[in-house]
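S.K.: Let me see the structure of the following:
(one chain, ligands or ions: 1)
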Amino acid sequence: MKAYRTQQFVRPDLEAHIFSQDILGNVRKLRGLCPETTQFCAVVKANAYGHGISEIVNILKQDGVDMFAVATFYEALHIATLTQQQSIFVLEPVNPSQSVEEIQVCAQKGFHCVLVSADSLKYVREALKNTSSVLKVHLNIETGMGRSGIEPEPARQLLEQIDNCENLELAGIYTHFATADEEDLSYAHEQHERFETFLKQYQFRDQGVLIHAANSAATIKMPQAHYDMVRCGISMYGYYSRRMKAPPVQLAPVMKLTAPITQIKTIPAGQTVSYGQSFTTQRDTLAAIVPLGYADGYRRCFSNTATMKIGNHAAPVIGRVCMDQVILDVTEIPDMQLGRRVTVVDNDHDSPCSAYALADLGDTICYEILTSIHAHVNRIVH
Ligand SMILES: Cc1ncc(COP(=O)(O)O)c(C=O)c1O
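M.R.: Numbers count the residues shown, from 1 in each chain. You can find the predicted model right below:
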């Protein structure tokens, strides 16, 4: 099997602290919203939403999850070296751009794969013919997400073909909600109804087929969509897909990102700071340099707007965020010392540098803030 490159370079000075009790607690709370028999699929794609895929799988494999979901075959291969107990679900549909060998490895390793077209089915059937391997497949039913699912009618034909192919096993039927995180759930309810209409035509349950639909938001807000398994990503890491007013469970953010202060200097009043002269000091300013920037996932749009924390003090970012440096105004902060650690992304929802606060500043969602944290940031598990 072809060897794939791995990310080996690590920056030990940038520390993403991962709190294992918090992620385990979040999983327990999310599971607590579901019937006891509902399985829990931990979504660990995108480097476990920036938390470190190896670290998160190593924590979760000991306790409380039944399956891991990843985006790609390559992530699946990676975590297969870490766990043998839980099944691995590859969300990207199998397709003819993959090599025959990759399809065969999926079957041999028991990966759960997604099938969404007759062409892919044909390709997979060819790849596995003359082998004794059986590929576990889930059909992703299009109910309104408008992404990679298959419409109910062609799905019916795929089901017949799967039934007639000894190298394929129907392991699951699922759908994905487009708006479960919104306050108005009417579209999500419509999707749920379409899914129900599809399910009613078959006896999947009698065949031991896993039915699933809920992401984090639906796990929290749509108990009717729990079915046999929920697939949670963002809430496992301690966040609601978007801030909720009165959430039924209190989730704890799992990661805190810190960096050291590597330089402290006084910038005289009237001096411009950083690229583009976007900030001018109004007073003699004590400035601290933090060695992290947009190349590490701290976005350039945080220039002149974001805040970091030093102890309990807020330190505003002044001037442009550079590729690998940020300048803070620390004039008001006592005991400034080189090497003191700064909180860049806090594990407290109310912090001025929570992932939510940064998402608001960047006009994005907390998912993007978290997944942007570069793989070379050192993950330290507590
Ligand atoms: C198919 C599927 N299921 C579940 C999830 C998890 O979503 P969330 O992080 O909102 O829980 C994702 C994430 O994008 C997904 O693509």
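S.K.: Contact residues of the protein facing the ligand?
M.R.: 43, 91, 176, 215, 216, 217, 231, 232, 233, 234, 235, 241 (CB under 6 Å from any ligand atom). (C-beta placed from N, C-alpha, C; glycine too.)
S.K.: Mind checking which of these land in helices?
M.R.: Mapping the residues of the chain next to the ligand onto helices (DSSP state H) picks out 216, 217.
S.K.: Need the three-state assignment for residue 259.
M.R.: State at residue 259, reduced to three classes by DSSP: H, G, I helix; E, B strand; the rest coil: strand.
S.K.: these two touch, right, it and residue 16?
M.R.: No - with contacts defined as CB atoms under 8 Å, residue 259 does not count as touching residue 16, sitting 10.1 Å away.
S.K.: can you map out the strands along the stretch 151-300 of the chain?
M.R.: For the stretch 151-300 of the chain, the strands identified by DSSP state E, counting those that start in this stretch occupy 168-174, 210-214, 229-232, 255-260, 263-267, 272-273, 279-280, 285-290, in order along the chain.
S.K.: Compute the inter-axis angle for the second one and strand 168-174.
M.R.: I take that to be strand 210-214. Using axes from the mean of the first three to the mean of the last three CA atoms, to 10 degrees, the direction of strand 210-214 lies 30 degrees away from that of strand 168-174.
S.K.: mind listing what residue 154 touches?
M.R.: Going by CB atoms under 8 Å, 6 or more residues apart in numbering, residue 154 touches 117, 118.
S.K.: where does it land on pLDDT?
M.R.: Looking at residue 154, its pLDDT reads 95.
S.K.: measure it to the ligand for me?
M.R.: Distance, residue 154 to the ligand, using CB to the nearest ligand atom, to the nearest Å: 19 Å.
S.K.: ok, now how distant is that residue from residue 320?
M.R.: Using CB to CB, to the nearest Å, one gets 51 Å for the distance from residue 154 to residue 320.
S.K.: Residue 22 now?
M.R.: Relative to residue 320, residue 22 is positioned 33 Å away (criterion: CB to CB).
S.K.: quick one: which of the residues of the chain next to the ligand is nearest to residue 313?
M.R.: Proximity of these to residue 313 was ranked by CB to CB; the top entry is residue 234 with 29.1 Å.
S.K.: Skipping adjacent residues, who's closest to the closest one in space?
M.R.: residue 216 (4.9 Å; CB to CB, 6 or more residues apart in numbering).
S.K.: from the stretch 201-350 of the chain, which residue is nearest to the ligand?
M.R.: In the stretch 201-350 of the chain, the residue found nearest to the ligand is residue 233; the distance is 2.6 Å by CB to the nearest ligand atom.
S.K.: What residues does that residue make contact with?
M.R.: So, once contact is read as CB under 8 Å, 6+ apart, residue 233 ends up touching 42, 43, 44, 45, 49, 69, 215, 216, 367.
S.K.: Give me the more crowded residue out of residue 259 and residue 16.
M.R.: With neighbours defined as other CB atoms under 10 Å, residue 259 and residue 16 compare such that residue 16 has more, 24 against 21.
S.K.: rewinding a little: mind giving me a markdown table with the strands of the stretch 151-300 of the chain and columns for distance to residue 159?
M.R.: Converted to a markdown table, the strands of the stretch 151-300 of the chain look like this (distance: least, CB to CB, whole Å):
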| stretch | distance to residue 159 |
| --- | --- |
| strand 168-174 | 7 |
| strand 210-214 | 14 |
| strand 229-232 | 19 |
| strand 255-260 | 41 |
| strand 263-267 | 63 |
| strand 272-273 | 62 |
| strand 279-280 | 61 |
| strand 285-290 | 55 |
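S.K.: out of those, which comes closest to residue 96?
M.R.: Nearest to residue 96 among these is strand 168-174; the distance by CB to CB comes to 15.8 Å.
S.K.: I'd like to know which elements the closest one is packed against.
M.R.: In this structure, strand 168-174 packs against helix 118-128, strand 135-140, helix 152-163, strand 210-214, with contacts taken as 3 or more CB pairs under 8 Å, 6 or more residues apart in numbering; DSSP states H and E.
S.K.: can you pull the contacts of the most centrally placed residue in the chain?
M.R.: Centroid check for the chain by CA atoms, centre = their mean gives residue 49 as the closest residue, at 3.1 Å. Listed by CB under 8 Å, 6+ apart, the contact set of residue 49 reads 43, 233, 234, 237, 367, 370, 371.
S.K.: ok, and the closest non-adjacent residue to the first one?
M.R.: Counting by CB to CB, 6+ apart, the nearest residue to residue 43 once its immediate chain neighbours are dropped is residue 233, at 3.4 Å.
S.K.: Next one: that neighbour from residue 51, what distance?
M.R.: As it turns out, when the distance is counted by CB to CB, residue 233 lies 11 Å from residue 51.
S.K.: Residue 137 now?
M.R.: Remark: distance between residue 137 and residue 51 (CB to CB) = 29 Å.
S.K.: likewise residue 280?
M.R.: Between residue 280 and residue 51 the distance, using CB to CB, works out to 38 Å.
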